[in-house]
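pasted the sequence and its predicted model underneath.
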Amino acid sequence: MLKVYLDLLSQPCRAVHILLNYNKIPHTVHTVALRKGEQSTPEFTKLNPMQKVPVLVDEGFVLTESDAILKYLVTKHNIPEHWYPRQPERRARVDEYTAWHQTHTRPHAAKVFILEVLLPRMSGGSGPDHSQLERALSELDRTLELLDSMFLRRQPFLCGDDITLADLLAVCELMQPLGGDRDVLQDRPNLRRWRSRVQSALGESFDHAHAVLYALRDRRKAKL
Ligand SMILES: N[C@@H](CCC(=O)N[C@@H](CS)C(=O)NCC(=O)O)C(=O)O
């Protein structure tokens, strides 16, 4: 059976988790708790020398990188074509976003979470560095502007009329700052409507994957 190594506090892991569960692809989940450093154990390092999740193992075939894993799953399993269309131009649109994602949405949204949640936690409860946070937020804002004007335009999903892997990667990344109780789409109604569409298209699998992030947010709120 297909195995995946995940930590659901990780954005790309949630994308893989949602695709598997939504499409009912049989699999087993092996949790790699990043907060406990389990990505650095000798056994896991043997599997992925980069010491990162997600990792997929399919009958001895080991694959890293969420983008490659998601595309492999769609190609290998009989799931609806809209996730990663076969028609060359439509497929290229998804590839265009997923390439851009790795240099824009991913680092910019993740940085806000790191500055607001991870670094203060590691330094024993001091608040975030405000000037760094302001810079990160303004970088993210430029990315959100492009996401809205270049990818979403006036269509319901990032690459057209149907949900694709692009929406899945993007939504998981943009949810992450919610762990610090920050909704990065608060001032962007068009992107907020897109997120609701993605969320309703994914149904339970969305909330199931995000339960750990919601719990983190609620614990932080309770402490304030
Ligand atoms: N480009 C990779 C990124 C993987 C990645 O950065 N994973 C993080 C969690 S979001 C991780 O495992 N970090 C552990 C570490 O760096 O020690 C992907 O999309 O799969």
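Looks like it arrived, so ask away.

any stretches of the protein with poor pLDDT?
Applying pLDDT under 70 to the chain picks out residues 125.

hmm, stretch 57-71 touching the ligand?
Yes. Stretch 57-71 lies within reach of the ligand by C-beta under 6 Å from any ligand atom, at 65-67. Just so you know, the C-beta spots here come from the backbone N, C-alpha and C atoms, and that holds for glycine as well.

counting neighbours, which of those residues comes out on top?
Using other C-beta atoms under 10 Å as the neighbour test, these are led by Ser66, with 29 neighbours.

residues in contact with it?
By C-beta atoms under 8 Å, 6 or more residues apart in numbering, the contact set of Ser66 is 12-13, 15-16, 54, 169.

report the entries of these that also contact the ligand.
Among the contacts of Ser66, the residues that sit close to the ligand (C-beta under 6 Å from any ligand atom) are 12, 54.

ranges for the strands of the chain?
Using DSSP state E, the strands of the chain run over 3-6, 28-31, 55-58, 61-64.

from the contact counts, what lies against the second one?
For strand 28-31, the contact count by 3 or more C-beta pairs under 8 Å, 6 or more residues apart in numbering; DSSP states H and E identifies strand 3-6 as packing neighbours.

do the same with the first one
Judged by 3+ C-beta pairs under 8 Å, 6+ apart, the packing partners of strand 3-6 are helix 11-22, strand 28-31, strand 55-58.

redo that, cut-off 10 Å
helix 11-22, strand 28-31, helix 42-47, strand 55-58, strand 61-64 (3 or more C-beta pairs under 10 Å, 6 or more residues apart in numbering; DSSP states H and E).

one step back: just the buried ones among the contacts of Ser66, please.
By neighbour count, with 16 or more other C-beta atoms under 10 Å, the contacts of Ser66 hold 12-13, 15-16, 54, 169 as buried.

for these, which one is nearest Arg90?
Leu169 (16.5 Å; C-beta to C-beta).

which residues does that closest one contact?
Contacts for Leu169 were tallied using C-beta atoms under 10 Å, 6 or more residues apart in numbering; they are 11-12, 14-16, 19, 66-67, 70, 94, 97-98, 101-102, 105-106, 158.

same question for Thr45.
Per C-beta under 10 Å, 6+ apart, neighbours of Thr45: 39, 51.

swap in Asn48?
Residues in contact with Asn48 (C-beta under 10 Å, 6+ apart) are 5, 32, 39, 54-55, 57, 62-65.

if I look at it, how far off is the ligand?
The gap separating Asn48 from the ligand is 9 Å, by C-beta to the nearest ligand atom, to the nearest Å.

please apply the same query to Val29.
Distance from Val29 to the ligand, by C-beta to the nearest ligand atom: 15 Å.
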